[in-house]
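Colleague: show me how the following folds:
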Amino acid sequence: MRLFAVLAAVLALAGCTATVPEGPERTPDYLQLAGRAVFGDFNTVDYCSLLDPAAATKHGGTEPTKGLSSFDYCSLLVKVGGKEVTVEVGYLGTKESRRAGDRVPDESKKLPHGLVAERGTSSGEGDCAYYLRFVDQVTVRATASRYPNDGVPKSALCDISADVLDGIIASVSANQVRHQLFRAGSLGTADACALLDDARVSAELGATVSKSVIPSKHRCEWVAHGGSSVLLNFVNDVLPPGASEVTPYPPKLCKVQKVLGPAPGAKVGEVEFASLTVNSTTDKEPCEVGRALASVAWPKLPAA
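Modeller: Coordinates of the predicted model:
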């Protein structure tokens, strides 16, 4: 310390100024936003408080519908060139639940509060995702997607999801996150991971699974090393016309659903339902796996 003081005095006497190299800018701790503080109870977030219809139409989208609030996301429709595009916000994640290589930082977006924008790396032409990462590694996702043959270019989808991400940033910066209240018997009060145990899922799939860490209790996923997986999630949405309890998607996928009843305050036919999606890369038939697991899980669902 004494040597430093002597050198500083010599420089001052010589009329010189010592320059300290600047490091990268860092948001002061008291201005940083942590996802756990912003969202509070992950199980009751109202994602429609984050989805701004004006943001979804900033780059040419028209005729936005009112946001439809589900347990883990909010969605609306816009039209691009006369074709429908689905816009969704939600699906909170953590460092433990993210998959390696599924997103990269978007250096073009310089954000406040220590926030980081990340762009999804999916090569599919039918959707584009952006993620907002908070300082505690919690993330929220904005997605724009289209039907397979509608021809809306991916660049337009990415413009929409990037604009919607800006709307999320504005909402969390202004502390505008709202929460839902679930009635007794609602799937919103249930824990998806409590409906099935790892051993039973492994036995039905014919492969040892591990449970993914997902912040919300409305989703639970079991994944095996060979690629087989089971996703159990709760949804508050409109079912497609003619939707059945068991829907095969050959050769490897099957979806099994259980409707509990009309969603509270339903305006366009929304219902609460549980959904089991099975991806079987073993010799096990996916719908057989789905039916077997549903026979265990559905009796544990709350009474509507």
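Colleague: give the buried residues for the biggest helix by length in the chain.
Modeller: In the chain, ranked by residue count with DSSP state H as the criterion, the top helix is helix 154-173. For helix 154-173, the neighbour count (16 or more other C-beta atoms under 10 Å) marks 154, 156-169, 171-172 as buried. The way it works is simple: take the backbone N, C-alpha and C, and place the C-beta from them, glycine included.
Colleague: likewise for stretch 79-96?
Modeller: Within stretch 79-96, the residues scored as buried using 16+ other C-beta under 10 Å are 79, 80, 85, 86, 87, 88, 89, 90, 91, 92, 93, 94.
Colleague: ok, stretch 42-60 next?
Modeller: Across stretch 42-60, burial judged by 16+ other C-beta under 10 Å covers 42-53, 55-57.
Colleague: check the residues you listed and tell me the two furthest apart.
Modeller: Greatest spacing in those, by C-beta to C-beta: 43 and 57 (30.3 Å).
Colleague: dump the residue contacts of residue 243.
Modeller: The neighbours of residue 243, taking C-beta atoms under 8 Å, 6 or more residues apart in numbering as the test, are residue 257.
Colleague: and residue 270, how far is that from residue 248?
Modeller: 25 Å (C-beta to C-beta, to the nearest Å).
Colleague: residue 168 now?
Modeller: Distance of residue 168 to residue 248, computed by C-beta to C-beta: 36 Å.
Colleague: next: residue 202.
Modeller: 22 Å.
Colleague: residue 128 too?
Modeller: In this view, residue 128 and residue 248 are 28 Å apart by C-beta to C-beta.
Colleague: when the two are compared, which one has more neighbours?
Modeller: Set side by side, residue 128 and residue 248 show more neighbours around residue 128, with 24 against 16, by other C-beta atoms under 10 Å.
Colleague: next secondary structure element downstream of the host helix or strand of residue 92?
Modeller: Assigned by DSSP states H and E, residue 92 belongs to strand 83-93. On the C-terminal side of strand 83-93, the closest following helix or strand by DSSP H and E is strand 103-105.
Colleague: tell me which other helices or strands that following strand touches.
Modeller: With contacts taken as 3 or more C-beta pairs under 8 Å, 6 or more residues apart in numbering; DSSP states H and E, strand 103-105 sits against strand 116-120.
Colleague: what about the closest residue to residue 300 other than its chain neighbours, neighbour count?
Modeller: Among residues not flanking residue 300 along the chain, residue 195 sits closest, at 4.9 Å (C-beta to C-beta, 6 or more residues apart in numbering). Number of residues near residue 195 (other C-beta under 10 Å) recorded here: 20.
Colleague: for the most centrally placed residue in the chain, what are its contacts?
Modeller: The chain has residue 91 as the residue nearest its centroid, 2.1 Å off, counting by C-alpha atoms, centre = their mean. By C-beta under 8 Å, 6+ apart, the contact list for residue 91 reads 72, 73, 140, 141.
Colleague: what do you get for residue 169?
Modeller: 111, 112, 115, 132.
Colleague: sorry, back to before: so which of the buried residues of stretch 42-60 are in helices?
Modeller: Those of the buried residues of stretch 42-60 lying in helices (DSSP H): 53, 55, 56.
Colleague: go ahead and confirm the first one touches residue 67.
Modeller: What it means is residue 53. Yes: under the criterion of C-beta atoms under 8 Å, residue 53 makes contact with residue 67 at 7.1 Å.
Colleague: now do the shared contacts for those two.
Modeller: Listed as contacting both residue 53 and residue 67 by C-beta under 8 Å, 6+ apart are residue 76.
Colleague: tally of neighbours for residue 181?
Modeller: Neighbour number of residue 181 under other C-beta under 10 Å is 9.
Colleague: how many other residues sit next to the nearest residue to residue 205 once chain neighbours are set aside?
Modeller: Sequence neighbours aside, residue 228 is the residue nearest to residue 205 in space, at 5.0 Å (criterion: C-beta to C-beta, 6+ apart). Burial of residue 228 is recorded as 24 neighbouring residues (other C-beta under 10 Å).
Colleague: alright, that wraps it up for me.
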